[in-house]
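Novice: build the 3D model from these lines:
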Amino acid sequence: MKKRVVITGVGVVSSLGTGAENFWNAIKEGKCGIKSITKFDTANFPTKIGAEITDFDPTDYIDKKEAKRMDLFTQYALAGTKIAVEMSKLDLNSIDKDRAGVIVGSGIGGIETFEDQHKTYIEKGPGRVSPFFIPMMIANMASGRIAIEYGFCGFNECVITACATGNNAIGDAFKVIQRGDADVMITGGAEASITPMSYAGFCSAKAMSTNEDPAKACRPFDADRDGFVMGEGAGILILEELEHAQKRGASIIAEVAGYGCTCDAYHITAPHPEGLGGVKCMTMALNDAGIKPEDIGYINAHGTSTPLNDPGETKIVKTVFGEHARKLAMSSTKSMTGHLLGAAGAVEAIITGFALKEGFLPPTINYNTPDPECDLDYVPNVGRKAEIKYALSNALGFGGHNAALILKKYE
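Specialist: Okay, the predicted model is just below:
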């Protein structure tokens, strides 16, 4: 018999705030975390904005000496984990740590470290490259560092599926518990890719918005959208087997009910024109949860604010949900957080969990000009109350990756 899996703690590090409750409040209020970039000179870049974190102090969460030996994405991951563990009220001395694991992914990993150390190599030679260069750069180090910090000796891996990373990490952790291989999993994603090289690459690919107004640049499903806006940070969730959580009297945010994962097998960056992989992925998640399309009340969209994604995702939803597509609500919270790449799905799963728990649908802000190809209910500009039992969170990534999570209101 499949085990039931619930979320008992979450932690967010984002441009909208660090924590859980304050982050969720900012989302409900429709606040925008996008601003002009300050980390590097953007004079020669067509994109000059991002959802940059400017108030993060790693020593609030991590030993100062150890923090210096971590890339920023790992620092974000550990900070998010500390917040999530504290919220979950896990007794770290009583749980079986052989049955506690970690799956935390990153789309890009330690690119800031890579850029810094490459500069050192060019200017000063190979002997001056840090001995911590490799363990700071590699993307699995967030997952490894979390396990070391909490002594979790169970299932441990790092998922890298571009912008689907966060959903794949959560889905895989869900399956580890569901099949009985763990009682507790720390999962999610972390990203710190607001760097010159990262921006240069995405700008060259013409994927990012060139709108210089931070408050209006990210406009998912709007006819005037012109590209995504990069964000940074981490989203970390504590997943637990239901009985394990109940025995210790844990407070439950939501239940993880279904997971779908497919590949378009079509193109390195563009989605399939008919959305076949996305259709199969969402259908797989519905079947895994054992529910009908009509049971879904809300979709947290991938909604990147790009010319290709938004009409493509709308088309997929119409295919999967038929007439019900007109009755459900779908919003893109990237309009507020920016696109956190490998951490996006994790942050959005946290938002979806709170939406279920509180009965509140977060808005898509900056929605002003309707697009005939995007004609569903995107919860424009202002969130609203709505009691929903099931919600779907989508993530799509370069390489054709598709990952969908279904969360259920815990009853």
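
Novice: quickly find the element holding G277.
Specialist: Assigned by DSSP states H and E, G277 belongs to helix 276-289.

Novice: in that helix, which residues are buried?
Specialist: 276-286, 288-289 (16 or more other C-beta atoms under 10 Å). Backbone N, C-alpha and C define where each C-beta goes, glycine included.

Novice: ditto for stretch 350-370
Specialist: Here stretch 350-370 shows 350-357, 360-367 as buried, counting by 16+ other C-beta under 10 Å.

Novice: relative to A84, which of these is nearest.
Specialist: I350 (9.1 Å; C-beta to C-beta).

Novice: list the contacts for the closest one?
Specialist: I350 sits next to V10, V12, A20, F23, W24, G235, L237 when contact means C-beta atoms under 8 Å, 6 or more residues apart in numbering.

Novice: so where does the first one fall, helix or strand?
Specialist: Following DSSP H and E, one finds V10 within strand 5-14.

Novice: what of the fourth one?
Specialist: Element membership for F23 (DSSP H and E) is helix 21-28.

Novice: is A139 in contact with G105, as I believe?
Specialist: Yes - A139 lies in contact with G105 (C-beta atoms under 8 Å); the separation is 7.3 Å.

Novice: between those two, which one's more packed in?
Specialist: For A139 versus G105, neighbours defined as other C-beta atoms under 10 Å are more numerous around G105 (33 against 24).

Novice: residues contacting the more buried one?
Specialist: Going by C-beta under 8 Å, 6+ apart, the list of residues near G105 reads 139, 142-143, 158-161, 165-166, 168-169, 188-190, 342.

Novice: ok, G17 next?
Specialist: F23, A26.

Novice: could you give the bridge partners of it?
Specialist: S14 (DSSP bridges).

Novice: just the pLDDT at it, thanks.
Specialist: G17 carries a pLDDT value of 93.

Novice: any idea how far it lies from I27?
Specialist: Plainly put, G17 is 10 Å away from I27 if you go by C-beta to C-beta, to the nearest Å.

Novice: mind listing the strands for the stretch 1-150 of the chain?
Specialist: 5-14, 17-19, 35-36, 49-50, 100-105 (DSSP state E, counting those that start in this stretch).

Novice: would you map the helices across the stretch 151-300 of the chain?
Specialist: 165-178, 196-204, 242-247, 276-289 (DSSP state H, counting those that start in this stretch).

Novice: distance to S130 for those helices - can I get that in JSON lines?
Specialist: Shown next, in JSON lines, are those (distance: least, C-beta to C-beta, whole Å):
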{"stretch": "helix 165-178", "distance to S130": "26"}
{"stretch": "helix 196-204", "distance to S130": "18"}
{"stretch": "helix 242-247", "distance to S130": "41"}
{"stretch": "helix 276-289", "distance to S130": "40"}
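
Novice: closest one to F40 among those helices?
Specialist: Distance to F40, taken as C-beta to C-beta, is lowest for helix 196-204 among the helices of the stretch 151-300 of the chain, at 5.0 Å.

Novice: please point out which parts of the closest one sit buried.
Specialist: P196, S198, Y199, F202, C203.

Novice: which among the contacts of I350 end up buried?
Specialist: Once neighbours are counted (16+ other C-beta under 10 Å), the buried part of those comes down to V10, V12, A20, F23, W24, G235, L237.

Novice: just those residues: which has the poorest pLDDT?
Specialist: A20 (95).

Novice: circling back to that earlier point, just the buried residues of stretch 350-370: which are in strands?
Specialist: Here DSSP state E is the test, and the buried residues of stretch 350-370 give F360, L361 as lying in strands.

Novice: mind checking pLDDT for the residue lying closest to F40 once chain neighbours are set aside?
Specialist: Using C-beta to C-beta, 6 or more residues apart in numbering and skipping residues adjacent in sequence, the residue nearest F40 is P196, 5.0 Å away. P196 carries a pLDDT score of 98 in this model.

Novice: which ones are touching M137?
Specialist: D71, G109, G110, I111, T113, F114, Q117.

Novice: can you tell me how far it is from A346?
Specialist: M137 is 21 Å from A346, by C-beta to C-beta.

Novice: and if you look at A265?
Specialist: In terms of C-beta to C-beta, A265 sits 25 Å off from A346.

Novice: so which of the two has more stuff around it?
Specialist: A346 (36 against 10).

Novice: any idea which of the strands of the stretch 1-150 of the chain is most buried?
Specialist: strand 100-105 (a mean of 30; mean count of other C-beta atoms under 10 Å).

Novice: strand partners of that strand, parallel vs antiparallel please.
Specialist: When DSSP bridges is applied, strand 100-105 pairs with strand 156-157 (parallel), strand 184-191 (parallel).

Novice: which of the ones you listed sits most buried?
Specialist: strand 184-191 (a mean of 34).

Novice: tilt between it and helix 165-178?
Specialist: 170 degrees (axes from the mean of the first three to the mean of the last three C-alpha atoms, to 10 degrees).
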